[in-house]
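1. Following is a predicted model, sequence given first.
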Amino acid sequence: MKIDVLAELAATLEQRKTAAADSSYVASLHAKGLNKILEKVGEESTETIIAAKDALTSQDKSELINETADLWFHTLVMLSHLDLGPDDVLNELARRFDLSGLEEKANRSK
Ligand SMILES: N=c1c2ncn([C@@H]3O[C@H](COP(=O)(O)OP(=O)(O)OP(=O)(O)O)[C@@H](O)[C@H]3O)c2ncn1[C@@H]1O[C@H](COP(=O)(O)O)[C@@H](O)[C@H]1O
């Protein structure tokens, strides 16, 4: 499992927060602000859903992998814009290891 990719990307994203907007795509997103970043997250979510539907009837899953990478990337930019990072999400997923999804859902309504 290539978790180190997330760590390396997070470090790059952190550096880009202070870079010039015309020198970096990530810096240009930060300069445009949260609404633009969320627009990209929305776009990539839709494209991922369409690619997943197509993948059901195709041997070639590369489009789904590409769109999911775009989605993960833009959600990482979103987290970084709000001073969060992949560790915050990974810690939450790790906290849930011993909790079944059904159990968690049942506890929510208590
Ligand atoms: N992983 C990525 C990555 N994935 C996707 N993208 C970009 O995300 C954009 C999204 O694709 P679209 O087709 O929607 O983009 P677009 O049409 O240019 O966007 P809009 O003008 O419509 O907003 C493309 O420009 C991709 O190049 C990424 N840009 C950067 N990274 C990583 O971020 C690092 C820093 O990038 P820079 O900030 O550009 O130096 C890079 O070294 C990479 O590791």
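-> That came through, no problem.
2. Mind pulling up the pLDDT for K17?
-> pLDDT recorded at K17 is 95.
3. swap in S109?
-> pLDDT, S109: 69.
4. Run through who's touching stretch 87-95.
-> With contact meaning CB atoms under 8 Å, 6 or more residues apart in numbering, stretch 87-95 is reached by 3, 6, 10, 79. Just so you know, the C-beta spots here come from the backbone N, C-alpha and C atoms, and that holds for glycine as well.
5. which SSE is the third one in?
-> Taking DSSP states H and E as the criterion, the element that holds A10 is helix 3-16.
6. what's downstream of that helix, the next helix or strand?
-> In the C-terminal direction from helix 3-16 (assignment by DSSP H and E), the next one is helix 25-32.
7. buried set for that following helix?
-> For helix 25-32, a neighbour-count test (16 or more other CB atoms under 10 Å) marks 26-27, 29-30 as buried.
8. Which of these sits closest to the ligand?
-> For the buried residues of helix 25-32, the closest approach to the ligand (CB to the nearest ligand atom) belongs to V26, at 3.3 Å.
9. That closest one is in contact with V77, isn't it?
-> Yes - proximity of V26 to V77 meets the contact threshold set by CB atoms under 8 Å, at 5.9 Å.
10. any shared contact partners between those two?
-> L13.
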